[in-house]
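Q: model the following, please.
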Amino acid sequence: MTFLARLIRFLFWVVIVSWGVRLAGRLLSGLLQPGRTREPMQPAGDLNTDQAARLLVRDPICGVHIAEVLAIPLRENGELLHFCSLACRDAYLNSSHKLAANA
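A: Residues are numbered from 1 along each chain as shown. Here you go, the predicted model:
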């Protein structure tokens, strides 16, 4: 066999063995932690603070999704908008004022 073929074969087995070791480690850590159980999610009608943090809203300027509790709210014309930062909120206000001035 050529040197290059042996090197590729060696690297292949190194990857396979490392994945096997990682899988075995995960299995053993899962078996050694008996207190870890999955809790079912509560229905959407009963929102507590943990689930309220999971609600995502979309920023209309940059399009990023952010948790509703971390977003910067702005109520304009009866519509509630959420922004990821003050810069996005200011950009929205500036663009809406420009549109209103041109109308």
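Q: can you give me the helices for this structure?
A: Along the chain, the stretches classed as helices by DSSP state H are 3-32, 49-52, 86-102.
Q: how distant is the longest one from the center of its chain?
A: When distances are taken as Cα atoms, centre = their mean, to the nearest Å, helix 3-32 is centred 29 Å away from the chain's centroid.
Q: quick one: average confidence on it?
A: For helix 3-32, mean pLDDT is 91.
Q: likewise the shortest one?
A: Average pLDDT, helix 49-52: 58.
Q: do the same with the last one
A: The pLDDT scores in helix 86-102 average 77.
Q: just give the nearest non-adjacent residue to Leu55, would you?
A: Glu68 (4.4 Å; Cβ to Cβ, 6 or more residues apart in numbering). Where you see a C-beta, it was placed from the backbone N, CA and C, and this is true even at glycine.
Q: gap between the closest residue to Ile66 other than its chain neighbours and Val57?
A: Taking Cβ to Cβ, 6+ apart, and ignoring the residues beside it in sequence, Ile66 has Cys84 as its nearest neighbour in space, at 4.8 Å. Taking Cβ to Cβ, to the nearest Å as the measure, Cys84 and Val57 are separated by 9 Å.
Q: mutual contacts of the two, please.
A: Taking Cβ atoms under 8 Å, 6 or more residues apart in numbering as the contact definition, Cys84 and Val57 share the neighbouring residues Ile66, Ala71.
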